[in-house]
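> dropping the sequence and predicted coords here.
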Amino acid sequence: MNMKKCRGRTFRKRRRNHSRCFSQRGVNLSHKCEYIHLKKWLKERGFEDSILRPAQFSETGRGLMTTKALQAGQLIIALPEKCLLTTDTVLNSYLGEYIIKWRPPISPLTALCTFLIAEKYYHKKSVWQPYLDLLPETYTCPVYLEQQAVNLFPEPLRGKALEQKSLVEQQYTSSKSFFFSLQPLFPEHVESVFSYSAFQWAWCTINTRTVYMKHPQKECFSREPDNYALAPFLDLLNHSPTVQVKAAFNERTRCYEIKTLSHCAKYQEVFINYGPHDDQRLLLEYGFVAASNPHNCVHVDTDTLLKYLIPEDKQRHIKVSILQEYKLLDNLTFGWDGPSWRLLTALKLLCLDAHQFTSWKKVLLGDAISERNEKKSLDLAKKICTSLTEKTQRALHKISRLKQDNVDLVNQLSFLEALHTEDLNILLLSAENLLQMNCTTI
């Protein structure tokens, strides 16, 4: 009689790891026409075939996977200068003569936006068609979001989102005269070609997808920094806060190169790192949030900070002035480990009793003034944490209701839901940390 072989814990652990590893594999997209065209287009411009392949992943969407295991320090991509879309590309095109003679000079960013809009208009005739075919039609940056969704942003993200919207609108308005000068290049009225929605799309394409590449200052452009480069294929790489890479333009090879400083298993997604950004910054600049982001934090605005102070405190105004002078009212946060040093320092100064106020400089240096001051500041931190927790829970409840009533907004609201959920987790952990800190103080 055949007895089924007993398989132990090691086998089950291996099987789980294999299953998890397999589920993280992407579905190869290399066979699709648009990627075949892009590969051919890149090869014509000197790009050597890499070990990276376009793929669809369950958690991150479209990205790049490796066909071989990657070691730390390995060069994963080297994109020749001819493949990069920069202001040099724009100046060497049919737009160059219009840009050079225009006064006052337009910005490098406006030049790139103009080129993208024009190339998209002449799509089938554009030499950049293989790249244009793979660019998103819309984005999830605040510029694209409905006001109803932006209103549900936590502070200070909501204020920054409104600033971003205003900035793009102003840039579009100030560029209209230049757009009108391009009328000879188009069979239809330029106002329909260079519409606000077209500019919005181009601006977001550049803001979310360019790599940093510094260019010499040119007289035909305004004094704004010229450090943009759109990098076809390379921009399919997604962000992960846990990986490390080295990325820069190599002057010797004339290629934009990326080296991974992390290991990556065969057939897994290859990531790059946009920087140590929290989810508010990622959503503002790139239109996404990152799961399990170690850089995430909950911001405390000045109004929330000062809401619980005793009105009778005669030194209230001078305390606030000191915090302003030393820039301790900015970037106050709760993180995964609890309140930040900056937040606790601000609270300790605000909680100084009248007879302790002369010691305010010691507070800024990190000295403990008294057990009473420590306890008062931790109690105030707890009140602020509780207030923000309740505010976040209300926002999540409102988002949940809106998702049911506004099907068209579900995608936008899902990003907000993820953002607020992460904030809630941070605040709940912070509350636990504050409880332990209070017990230690007592």
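That came through, no problem. Numbering: from 1, shown residues only.
> can you confirm Leu283 is in a helix?
Yes. Counting by DSSP: H, G, I helix; E, B strand; the rest coil, Leu283 is found in a helix.
> can you pull the pLDDT of Glu146?
If you check Glu146, the pLDDT there is 89.
> so what's it up against?
Glu146 makes contacts with Leu409, Gln412, as judged by C-beta atoms under 8 Å, 6 or more residues apart in numbering. Glycine gets a C-beta too; all of them are placed from N, C-alpha and C.
> next, count neighbours for Asn151.
12 (other C-beta atoms under 10 Å).
> and it, how far from Leu409?
Distance of Asn151 to Leu409, given as C-beta to C-beta, to the nearest Å: 12 Å.
> again, but for Gly287
Gly287 is 15 Å from Leu409, by C-beta to C-beta.
> so for these two, which sits in the more crowded spot?
Gly287 (21 against 17).
> go ahead and confirm the more buried one touches Pro136.
No. Using C-beta atoms under 8 Å, Gly287 is not in contact with Pro136; the gap is 9.1 Å.
> can you report how many residues lie near the closest residue to Lys43 other than its chain neighbours?
Sequence neighbours aside, Asp49 is the residue nearest to Lys43 in space, at 7.4 Å (criterion: C-beta to C-beta, 6 or more residues apart in numbering). Residues near Asp49, counting by other C-beta under 10 Å, number 8.
> going forward, count from 25.
Yep, numbering from 25; the last one is Asp73 now.
> can you tell me how far Asp73 is from His263?
Noted for Asp73: a distance of 24 Å to His263, by C-beta to C-beta.
> next one: Ala142
Distance, Ala142 to His263, using C-beta to C-beta: 29 Å.
> compare those two (neighbour count), which wins?
Remark: of Ala142 and His263, Ala142 carries more neighbours, 23 against 18, as counted by other C-beta under 10 Å.
> state the phi and psi torsions of the more buried one.
phi -60, psi -40 (degrees, to the nearest 10).
> contacting residues for it?
Contact analysis of Ala142 by C-beta under 8 Å, 6+ apart lists Leu119, Leu206, Leu209, Val217.
> now Cys165
Contact analysis of Cys165 by C-beta under 8 Å, 6+ apart lists Gln188, Cys228, Asn231, Thr232, Leu307, Leu308, Glu309, Tyr310, Gly311.
> tell me the pLDDT of the residue most central in space within the chain.
By C-alpha atoms, centre = their mean, the chain has its centre lying nearest to Leu306, at 2.0 Å. Model confidence at Leu306, given as pLDDT, is 94.
> hmm, it is touching Val313, no?
Yes. Counting by C-beta under 8 Å, Leu306 does reach Val313; the two are 5.9 Å apart.
> what is the longest helix belonging to the chain packed up against?
For the chain, the longest helix by residue count, based on DSSP state H, is helix 395-429. If contacts are counted by 3 or more C-beta pairs under 8 Å, 6 or more residues apart in numbering; DSSP states H and E, helix 395-429 sits against helix 326-330, helix 365-374, helix 434-465.
> so for the longest one, what gets flagged as buried?
By neighbour count, and taking 16 or more other C-beta atoms under 10 Å as the criterion, the buried residues in helix 434-465 are 436-437, 439-444, 446-448, 450-451, 453-455, 457-458, 461.
> tell me the mean pLDDT over it?
Here the average pLDDT along helix 434-465 is 89.
> I'd like to check the angle between it and helix 395-429, please.
For helix 434-465 against helix 395-429, the angle by axes from the mean of the first three to the mean of the last three C-alpha atoms, to 10 degrees is 160 degrees.
> in stretch 194-211, what's buried?
Gln195, Tyr196, Ser199, Phe202, Phe203, Leu206.
> list the contacts of it.
118-119, 122, 126, 130-131, 133-134, 137-138, 142, 145, 213-215, 217-218, 220, 223-224, 227.
> the residues you listed in helices, which ones?
Among the contacts of stretch 194-211, the members found in helices (DSSP H) are 122, 133-134, 137-138, 142, 145, 214-215, 217, 220, 223-224, 227.
> pull the most distant pair out of those residues.
Pairwise distances across the ones in helices among the contacts of stretch 194-211 peak at 21.8 Å for Tyr122 and Gln224 (criterion: C-beta to C-beta).
> which one of these two has more residues nearby?
Neighbour tally, Tyr122 and Gln224, criterion other C-beta under 10 Å: the higher count belongs to Gln224, 20 against 17.
> so the more buried one makes contact with Glu193?
No. Taking C-beta under 8 Å as the definition, Gln224 is not a contact partner of Glu193, at 9.0 Å.
> nearest residue to Glu248 other than its sequence neighbours?
Once flanking residues are discounted, Glu248 sits nearest to Ser131: 4.5 Å by C-beta to C-beta, 6+ apart.
> tell me how many other residues surround the one you found.
By other C-beta under 10 Å, 18 other residues sit near Ser131.
> what do you get for Ile334?
Residues near Ile334, counting by other C-beta under 10 Å, number 9.
> going along the chain from the helix or strand of the chain with the lowest mean pLDDT, find the next helix or strand for me.
Every helix and strand of the chain was ranked by mean pLDDT, DSSP states H and E. The lowest is helix 33-47, at a mean of 47. Using DSSP states H and E, the helix or strand that follows helix 33-47 in sequence is strand 51-52.
> how far does that next one sit from the chain's center?
Relative to the centre of its chain, strand 51-52 is centred 26 Å away, using C-alpha atoms, centre = their mean, to the nearest Å.
> what pairs with that strand, parallel or antiparallel?
Partners of strand 51-52 in the sheet, by DSSP bridges, are strand 76-81 (antiparallel).
> so which bits of the partner strand are buried?
Burial within strand 76-81, assessed by neighbour count using 16+ other C-beta under 10 Å, is assigned to Leu76, Arg77, Pro78, Ala79, Phe81.
> ok, those residues vs His323, which is closest?
Among the buried residues of strand 76-81, Phe81 lies closest to His323 (C-beta to C-beta), at 30.4 Å.
> many thanks, I have nothing further to ask.
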